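Participant: Generate a structure from the sequence data that follows.
(one chain, ligands or ions: 1)
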Amino acid sequence: MSENKIPLAGVIGSPIAHSKSPQIHSHWLKVNGISGHYIPIDVDRDDLEYIIRTLPRMGFVGANVTIPHKERVLEIADLVTDRAALIGAANTLIFRRDGKIHADNTDGVGFIQNVRQKAPTWEPKNGPAAVFGAGGAARAVVASLIEAGVPEVFISNRTRVRADALQDDFGKRVIVFDWVQAGNMLDDASLLVNTTSLGMIGQPPLRVPLDGLRKTTIVNDLVYAPLKTRLLAEAEETGCQVVDGLGMLLHQAVPAFERWFGVRPTVDTASRAAALR
Ligand code: NAP
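Facilitator: Sure thing, here's the model as predicted:
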């Protein structure tokens, strides 16, 4: 790309109209005075590789990737970071000047940064984390919890084999609980995370009994629509500190924006408001 081209970036998925990433990146481009653009790109599976290989020629410096392409892009990329390979999915592509396509996964970083920003007293080494769910987001969450130094990660998923697969991949610090006994994970947990889609608008709520929850447990929901899920509302009633999922969406976007546009953006009230617009 010549030096005077306007840098472009976007988010690739299908469907993509609901994505909040364009609001977030457009806000950061504006507040940082960068003359770039970030757009949603609806791509079918059959066109994925062709479009990804064409984007750099059109002036794109990178792209985010979302459902249903997060796994498939690992096969298309020329370079895959260790964390993306371990998670088995990428959410960020960087189109390098040498023509190589670099795939990374920043979901885990986004998750940890969000919890640290909203609950600065959380000390990973002080106790186990309990995780509901074993899908793509859970893999990123578990990888980052282990890297952060959490002694044990308790995990429970409706489909047990997916939780067992996480234990196989991440080792004996991951302890699997049956879905019908998921409430038992809460007794000792210093952090509780919902990575299932339960609680999202249009989905049933997460119905795990929270009787064992202690007031000192920090409760985080990855779901951000609605911002206050039933899980977070009930945890708040118990006296727990709660962390919503919008911050993760913002924090996972920070390293991508910095790589593409050369400025590290800030996650603050203005960027949260932009994401909600
Ligand atoms: P995914 O790979 O499709 O996994 C979905 C998870 O939800 C699985 O554990 C699945 O269990 C569980 N689930 C779905 N319906 C269920 C039901 N009726 N009862 C019990 N469990 C159910 O999706 P994902 O990519 O991990 O995303 C999961 C959630 O995290 C979504 O709501 C997504 O929006 C959110 N997320 C948020 C951020 C953020 O930045 N805040 C980032 C990534 C994802 P089974 O294995 O049994 O199907």
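
Participant: which residues touch residue 253?
Facilitator: 21, 24-25, 28, 64, 106, 110, 265 (C-beta atoms under 8 Å, 6 or more residues apart in numbering). C-beta: built from backbone N, CA, C; applies to glycine.

Participant: Now name the helix or strand holding the nearest residue to residue 31 once chain neighbours are set aside.
Facilitator: Nearest-residue entry for residue 31: residue 270, 7.2 Å, with adjacent residues in sequence omitted and distances by C-beta to C-beta, 6 or more residues apart in numbering. With secondary structure defined by DSSP states H and E, residue 270 is part of helix 269-276.

Participant: Can you tell me, leaving aside adjacent residues, what's nearest to residue 167?
Facilitator: residue 174 (4.4 Å).

Participant: Can you name the residues bridging to that neighbour?
Facilitator: Beta bridges link residue 174 to residue 153, judged by DSSP bridges.

Participant: Tell me the spacing between it and the ligand.
Facilitator: 14 Å (C-beta to the nearest ligand atom, to the nearest Å).

Participant: Kindly tell me how buried that residue is, as a neighbour count.
Facilitator: Counted by other C-beta atoms under 10 Å, the residues lying close to residue 174 total 21.

Participant: which residues touch whichever residue of the stretch 1-150 of the chain sits closest to the ligand?
Facilitator: Nearest residue of the stretch 1-150 of the chain to the ligand, counting by C-beta to the nearest ligand atom: residue 135, 2.0 Å away. When contacts are counted by C-beta under 8 Å, 6+ apart, residue 135 touches 157, 162, 195-197.

Participant: go again using 10 Å as the cut-off
Facilitator: Going by C-beta atoms under 10 Å, 6 or more residues apart in numbering, residue 135 touches 89, 141, 157, 159, 162, 166, 195-197, 222.

Participant: Please apply the same query to residue 45.
Facilitator: 14, 68-69, 72.

Participant: Surely residue 188 is in contact with residue 213?
Facilitator: No. Counting by C-beta atoms under 10 Å, residue 188 stays clear of residue 213, with 11.1 Å between them.
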